[in-house]
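Visitor: predicted model follows, preceded by the sequence.
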Amino acid sequence: MPANPLDTFTNQAVKVFGNEASREYQRRLKDDRTLCGTHCGSCGRTAFPPRDFCPDCFSGDCSWVAIGDGATLYAFTTQHRGLRFTAPDVIGVVNVPDVGLIVTPLSGRLDELEIGQAMKPEVVDINEKLSTHRFIPA
Ligand SMILES: [Zn+2]
């Protein structure tokens, strides 16, 4: 299958503009199949997306932590893509313990989702070099 030009662009953007945290985030998604954030050893905040330094106190004392356990669905909707002949994407906001609200793609049909239901992260491979996440009912 020929490479999707958008995937090629995204791969290149991560390679050129990504920092150490974004590269490690990708490695953990792809190799460990784990959605991670970074936990600040100074103030205790868990950041997502992960950072090289804490966005609250600017400390560099950050360590990697798996996130997503205990997540609940906060809001959801659908969004059509540019091409109208594909199924619309289901997107939403998930409340992740120790992190807060994050916007994320969701898996599942709109009529199967319910505010407050338990959700868990799932790794989705975009291509051989790039992965992303979505949340699915737990
Ligand atoms: Zn901090």
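Guide: Right, received. Where do you want to start?
Visitor: so what's the residue count around Thr78?
Guide: The tally of other residues near Thr78 (other C-beta atoms under 10 Å) stands at 13. (C-beta placed from N, C-alpha, C; glycine too.)
Visitor: oops, could you answer that again for Ser63 instead?
Guide: 9.
Visitor: then Phe48?
Guide: 18.
Visitor: which phi and psi does it have?
Guide: phi -140, psi 130 (degrees, to the nearest 10).
Visitor: that one reaches Asp98, doesn't it?
Guide: No: Phe48 sits out of contact with Asp98 when judged by C-beta atoms under 8 Å, with a separation of 9.3 Å.
Visitor: overlap of the contact sets of these two?
Guide: Between them, Phe48 and Asp98 share these contacting residues under C-beta atoms under 8 Å, 6 or more residues apart in numbering: Ile67.
Visitor: quick one, phi psi at Asp56?
Guide: phi -90, psi -50.
Visitor: per-residue pLDDT of it, please?
Guide: Per-residue confidence (pLDDT) for Asp56: 93.
Visitor: and what of the one 3 residues further on?
Guide: At Ser59 the predicted local confidence, pLDDT, stands at 95.
Visitor: can we start the residue count at 513 from this point?
Guide: All right, first residue 513 from here; so that's Ser571.
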